[in-house]
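In: what's the 3D shape of this:
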Amino acid sequence: MNIKALDAANAYANVIKNQGIGTGRGQGTGTFSEVLKSAITDTSDAINVSANTGIEAMNGKADLVDVVTSVQNAEMVLETVVAVRDKVIAAYQDIIKMPI
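Out: Have a look, this model is predicted:
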C-alpha cells in the first residue's frame with residue numbers, strides 16, 4: 001500500500017521549486033495556473049488515497065493506523081488549499097477596493 005503521508009509537504013516543496021524561492025533566481029519557473037493545478041491535483045490524490053485506504057480497511061486489507069494517517073493527510077492538504085483560496089479571495093477584494 002502506497003500512502004503519502006507528506007503530500008502537503010510535497011506540495012509546498014513543488015510550489016517553492018516552481019517559484020524559485022531559495023534558489024537565488026528572481027523569478028519562478030512555474031505560472032500561477034501551473035501551481036494551482038498542481039495543488040488541486042495533490043489534493044485530489046490525497047483524498048483518493050484516503051478513500052481507497054478506507055475501503056481497504058473495510059475489506060480487512062489495511063490497518064486502522066493507515067486509515068487514520070491517510071484521512072489526516074487528506075484533511076491537512078484540503079485545509080491548506082482552502083487557506084490559500086481564502087488568501088487569494090482576500091487579496092482580490094483588497095485590489096477591488098483600491099481607487100483608480
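In: centre of the chain versus the lengthiest helix in the chain, how much separation?
Out: Scanning the chain for the longest helix, with DSSP state H as the assignment, gives helix 64-97. Helix 64-97 has its C-alpha centroid displaced from the chain centroid by 7 Å (CA atoms, centre = their mean, to the nearest Å).
In: Pull out the buried residues from it.
Out: Applying a neighbour-count criterion of 16 or more other CB atoms under 10 Å, one finds Asp66, Val67, Thr69, Ser70, Val71, Asn73, Ala74, Val77, Leu78, Thr80, Val81 buried in helix 64-97. Yep, even glycine has a C-beta here, placed from its N, CA and C like the rest.
In: now stretch 41-51
Out: By neighbour count, with 16+ other CB under 10 Å as the criterion, the buried positions of stretch 41-51 are Asp42, Thr43, Asp45, Ala46, Ile47, Val49, Ser50.
In: buried set for stretch 48-63?
Out: When burial is assessed from 16+ other CB under 10 Å, stretch 48-63 yields the following buried residues: Val49, Ser50, Thr53, Glu56, Ala57, Ala62.
In: Determine which two of the buried residues of helix 64-97 are furthest apart.
Out: Across the buried residues of helix 64-97, no pair lies farther apart than Asp66 and Val81, at 22.7 Å, counting by CB to CB.
In: pLDDT weak spots in this structure?
Out: For the chain, the stretches with pLDDT under 70 are 1-29.
In: at 50 what do you get?
Out: 1-6, 21-26 (pLDDT under 50).
In: No more questions from me, cheers.
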